[in-house]
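Trainee: Here you go, sequence then predicted model.
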Amino acid sequence: MNMAETIAAAAVDLERDMLALGNRARDAATILATAPTADKQAALQAMASRIRASQARLLEANQSDVARAEATGKPASFIDRLTLTVERIEAMAQGLEAVAALPDPVGAVMANWQRPNGLDFTRVRVPIGVIGIIYESRPNVTADAGALAMMSGNAAILRGGSDSHDSSGLIVECLQAGLEEAGLPKAAIQMVPTPDRAAVGMMLQGLGGTVDLIVPRGGKSLVGRVQDEARVPVFAHLEGICHVYVDKAADPVMAVDIITNAKMRRTGVCGAAECVLVHEDVVASHAPAIINALRAKGCEVHADQAVNAVSQASVPASDADWGMEFLDAVIAMKSVTGLDDAMDHIARFGSQHTDCIITDDADTAVRFLNEVDSAIVMHNASTQFADGGEFGFGAEIGIATGKLHARGPVGLEQLTTFKYQVRGSGQTRP
């Protein structure tokens, strides 16, 4: 067999394997759609126990992933997203338990009404079916995505980044063991077994009609490919270009505390602040303290001329800094003339993810909350709260920045759709 024939045969084998994976997921989804809540909760509890029991193996597998990433020169923020620690493994287990404790959305009645002809209408939540989740370096997404899909009655096909292959593979083993322990099909949570990018293309085409939804979670290039190639619905999770607007009525101490947390708690997450907008009336009084606090934590500040005029501790900003998702210890800062100017900047350069205002003026806050067109808008709180766990969702698959069906943190409820049940007593339509 020559090289061309070998490549062609490998492509045929991959397509066969991926279609089989999709069919297994479809069969599992049929079972999960009517699985009792208690069984799903038992599976999640068993998954958490398996994660804890596998701590040493998970750390060892993750060390291999991290070593490969470091050898290829990945930046520190990427390494942080990839790294598992004892604390992060425990947080994964607790996340599984938190999802188990949430109300089961499947079968929940959303509305009920009767018509004059005696027909009874009920709108009820039902699972979407098979969800393909494509993500990059964070291995904890494997646990979050698998748990949320399963608890909402869906089967999950997971395609994590090659950088986290060892860690994610072992996490999936733990999740599947928990499913089997609870008497549910292990095919309810499957991982694409190859790093071949062609497998992603097959998922985006729908695996022979078995995939109902794609959820991408990653950088601009990944999301762009998904949106360009997908032939099934997509929950878009675009960049987290998050802004914090410091209004003229902002408390200066609060502004320092919120902004340093919003940027530096974890610089590589999508809820990290990337740009600070400061009302021109308080640039001199507020900006120097904010910049000094950020620099004390190791953050580089790229500021416009007005901000640099009052604080020489910052780097001159370029046009490329506006609308940049740094995902690192770098932030942009700009003076604005007021609320309208700030909202115009956010509309032009933001990604409709999460944006915040710091102000003690209630009327200004209400305008910001009502008029900024982002999935999450905040008043006097760190943008790092843009997380499904912090919303009380137990976990999340991602932050949807689109406007259809789901927006913001995608948790259990957002992974369901609905159907209408109509009950009659022999009615016919005249």
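Mentor: Thanks, I have it. This is a predicted model, so every value here is computed, not measured.

Trainee: Sketch out the low-pLDDT regions of the stretch 1-150 of the chain for me.
Mentor: Applying pLDDT under 70 to the stretch 1-150 of the chain flags the ranges 1-11.

Trainee: so how far is D304 from V310?
Mentor: 11 Å (Cβ to Cβ, to the nearest Å). The way it works is simple: take the backbone N, C-alpha and C, and place the C-beta from them, glycine included.

Trainee: now swap in V226 and tell me
Mentor: Using Cβ to Cβ, V226 is found at 34 Å from D304.

Trainee: which of the two has more neighbours?
Mentor: Taking V226 and D304 together and counting by other Cβ atoms under 10 Å, V226 has the greater number of neighbours (23 against 20).

Trainee: Could you check which helix or strand contains that one?
Mentor: helix 220-229 (DSSP states H and E).

Trainee: Following that helix in sequence, what is the next regular element?
Mentor: strand 242-246.

Trainee: That next one - contacts with which helices or strands?
Mentor: Judged by 3 or more Cβ pairs under 8 Å, 6 or more residues apart in numbering; DSSP states H and E, the packing partners of strand 242-246 are helix 252-264, strand 273-279, helix 339-349, strand 354-358.

Trainee: picking up where we left off before, buried stuff in the helix holding V226?
Mentor: Using 16 or more other Cβ atoms under 10 Å as the test for burial, helix 220-229 gives 222-223, 225-226.

Trainee: Could you provide those in a markdown table, with additional columns for pLDDT and distance to C270?
Mentor: Formatted as a markdown table, these follow (pLDDT from 0 to 100; distance: Cβ to Cβ, whole Å):
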| residue | pLDDT | distance to C270 |
| --- | --- | --- |
| L222 | 81 | 13 |
| V223 | 80 | 11 |
| R225 | 87 | 18 |
| V226 | 88 | 16 |
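
Trainee: what's the closest of the residues you listed to A56?
Mentor: L222 (31.4 Å; Cβ to Cβ).

Trainee: For the buried residues of helix 220-229, name the two members farthest from one another.
Mentor: Largest pairwise distance in the buried residues of helix 220-229, by Cβ to Cβ, is 7.4 Å, between V223 and R225.

Trainee: List the contacts of stretch 346-356.
Mentor: 238-245, 258, 262, 270-271, 273, 275, 277, 322-323, 325, 372-383, 386, 399, 401 (Cβ atoms under 8 Å, 6 or more residues apart in numbering).

Trainee: try it again with 6 Å
Mentor: For stretch 346-356, contacts defined as Cβ atoms under 6 Å, 6 or more residues apart in numbering pick out 238-244, 271, 322-323, 372, 374-378, 383, 386, 399, 401.

Trainee: Show me where this protein has its helices.
Mentor: Counting by DSSP state H, the chain has helices at residues 3-32, 37-53, 55-71, 76-82, 86-100, 140-151, 165-181, 197-205, 220-229, 252-264, 283-296, 305-308, 339-349, 362-371.

Trainee: Mean confidence (pLDDT) on the shortest one, please.
Mentor: Meaning helix 305-308. If you average the pLDDT over helix 305-308, you get 96.

Trainee: From F121, how far off is the residue nearest to A91 when sequence neighbours are not counted?
Mentor: The shortest distance from A91 to any non-neighbouring residue, by Cβ to Cβ, 6 or more residues apart in numbering, is to N140 (7.3 Å). Using Cβ to Cβ, N140 is found at 41 Å from F121.

Trainee: that older thread, and the helices of the chain, which is most packed in?
Mentor: Greatest average neighbour count among the helices of the chain goes to helix 140-151 (a mean of 28), per mean count of other Cβ atoms under 10 Å.

Trainee: what does it contact?
Mentor: Residues contacting helix 140-151 (Cβ under 6 Å, 6+ apart): 40, 44, 92, 96, 99, 131, 133, 135, 156, 158, 160, 168, 171, 175, 188-189, 395, 397, 412.

Trainee: Over to stretch 39-56?
Mentor: Counting by Cβ under 6 Å, 6+ apart, 89, 92-93, 96-97, 99-100, 147, 151, 174-175, 177-179, 181-182, 184 sit against stretch 39-56.

Trainee: Centre of the chain to that stretch, how far?
Mentor: 22 Å (Cα atoms, centre = their mean, to the nearest Å).

Trainee: Kindly export that stretch (C-alpha atoms) in PDB.
Mentor: Output of stretch 39-56 as PDB, limited to C-alpha atoms (Å, rounded to 0.1, in the frame of the first residue of the first chain):
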ATOM      1  CA  ASP A  39     -29.900   7.600  39.000                       C
ATOM      2  CA  LYS A  40     -28.300  10.700  37.500                       C
ATOM      3  CA  GLN A  41     -27.500  12.000  41.000                       C
ATOM      4  CA  ALA A  42     -26.000   8.700  42.000                       C
ATOM      5  CA  ALA A  43     -23.800   8.700  38.900                       C
ATOM      6  CA  LEU A  44     -22.500  12.200  39.800                       C
ATOM      7  CA  GLN A  45     -21.800  11.200  43.300                       C
ATOM      8  CA  ALA A  46     -19.900   8.200  42.100                       C
ATOM      9  CA  MET A  47     -18.000  10.300  39.600                       C
ATOM     10  CA  ALA A  48     -16.900  12.700  42.400                       C
ATOM     11  CA  SER A  49     -15.700   9.700  44.500                       C
ATOM     12  CA  ARG A  50     -13.700   8.400  41.500                       C
ATOM     13  CA  ILE A  51     -12.100  11.800  40.900                       C
ATOM     14  CA  ARG A  52     -11.000  11.900  44.500                       C
ATOM     15  CA  ALA A  53      -9.700   8.400  44.500                       C
ATOM     16  CA  SER A  54      -7.700   9.100  41.300                       C
ATOM     17  CA  GLN A  55      -6.000  12.200  42.600                       C
ATOM     18  CA  ALA A  56      -2.500  10.800  42.400                       C
END
